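> sequence-free structure coming up:
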C-alpha cells in the first residue's frame, strides 16, 4: 500500500533562517505531488505541484521554492524565512491522471 | 474562476443525531469532482467521500452521505448517528478532470456533544 511521510513534524525557526521540509511517498511511481499551507483556522492554500521529476508549478509568488529531485521526493525550501511563513504545511500525492489526493501528516512551522 | 464556499464556520450536533454541512461551488466546467475531507485535531487530512459530477447518484460511505445538486451547484454532507470521533474540521474541495489543482473551502468545525 502507499504511504506518505513528512518531516519534521514540528519546527521552530528564527526569522531569516533557511527552511527545508521533506515529503516522500512509498508504494507508487510517478505520483503527482503537492505542497499546501494552512494558516491557523483557515483552509488550504496550494503552494506548488509537480507532475514529474524537475517539473514544478508555483501557485503563489513568495519566498518559498520547491524541488523534486527524485520521483517520490518533494522538498519545500526557503532561503530566508518570514514571520508570515508560519503555518501548517501539508504534502499530498495523487496517482497520475487520477483526481483523488492523499495527504501526509503535516509539519507545523513556527517562525519567531 | 472556480470557488468553493462553506458558509457555516461552526456546527454542533448531539451524539447519535444527524447533521448536515453545506458547501456550494461555482464553476463553468461540466466534468469535475467534489470531495469532503475531515481534519481531526491531529490535523491529518482524511478523505471522507467523493462525488463525480457525471454521476447522478449521491455518494454514500457508511454513516456519511452527500446531497449533490448539480444545477444548484450544491454539495452538502450528511453525517448520521454522529459519534464523538466525528468532531473535526470538515473541508469541501473541488477539482476538474485533467487538472491537478484542488480548490478548498474554508472549512466547518463540527462539535459533537455528549
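Received the coordinates, thanks. Predicted model only: the values in this text are computed from it and were never measured.

> pLDDT score assigned to the residue of chain A found nearest chain B?
For chain A and chain B, the shortest gap (C-beta to the nearest C-beta) falls at residue A:103, measuring 3.8 Å. Where C-beta positions appear, they are placed from N, C-alpha and C, glycine not excepted. With respect to pLDDT, residue A:103 scores 94.

> wait, isn't it in contact with residue B:44?
Yes. Using C-beta atoms under 8 Å, residue A:103 is in contact with residue B:44, at 6.7 Å.

> between those two, which one's more packed in?
residue A:103 (21 against 15; other C-beta atoms under 10 Å in any protein chain shown).

> For the more buried one, which non-adjacent residue is closest in space?
Distance criterion C-beta to C-beta, 6 or more residues apart in numbering or on different chains; nearest residue to residue A:103, sequence neighbours excluded, is residue B:45 at 3.8 Å.

> Near the closest residue to residue B:44 other than its chain neighbours, how many other residues are there?
Nearest residue to residue B:44 in three dimensions, chain neighbours excluded: residue A:105, at 5.4 Å (C-beta to C-beta, 6+ apart). Look at residue A:105: counted by other C-beta under 10 Å, it has 15 neighbours.

> Who are the contact partners of residue A:105?
A:5, A:6, A:9, B:42, B:43, B:44 (C-beta atoms under 8 Å, 6 or more residues apart in numbering or on different chains).

> Repeat that for residue A:27.
Counted by C-beta under 8 Å, 6+ apart, residue A:27 has contacts A:1, A:2, A:3.

> Now render those as TSV, adding pLDDT and distance to residue A:26.
Below are these laid out as TSV (pLDDT from 0 to 100; distance: C-beta to C-beta, whole Å):
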residue	pLDDT	distance to residue A:26
A:1	84	9
A:2	85	7
A:3	91	5
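
> Which of the residues you listed fall within strands?
residue A:3 (DSSP state E).

> C-terminal to the one helix or strand residue A:69 maps to, what's the next element?
Here residue A:69, judged by DSSP states H and E, is contained in strand A:64-70. Downstream of strand A:64-70, the first helix or strand assigned by DSSP H and E is strand A:73-78.

> Give me the nearest residue to residue A:107, chain neighbours excluded.
Sequence neighbours aside, residue A:89 is the residue nearest to residue A:107 in space, at 4.7 Å (criterion: C-beta to C-beta, 6+ apart).

> How about residue A:10?
residue A:108 (4.9 Å).

> per-residue pLDDT, residue A:61?
pLDDT, residue A:61: 65.

> which parts of chain A sit against chain B?
Residues of chain A lying near chain B by C-beta under 8 Å from any C-beta of the partner chain: A:32, A:34, A:38, A:42-44, A:46, A:49, A:51, A:57, A:59, A:88, A:90, A:92, A:94, A:99-103, A:105-106, A:108.

> residue in chain B nearest to chain A?
Nearest residue of chain B to chain A (C-beta to the nearest C-beta) works out as residue B:45 at 3.8 Å.

> pretty sure that residue is touching residue A:88, no?
No. Look at residue B:45 against residue A:88 with C-beta under 8 Å: they stay out of range, at 10.3 Å.
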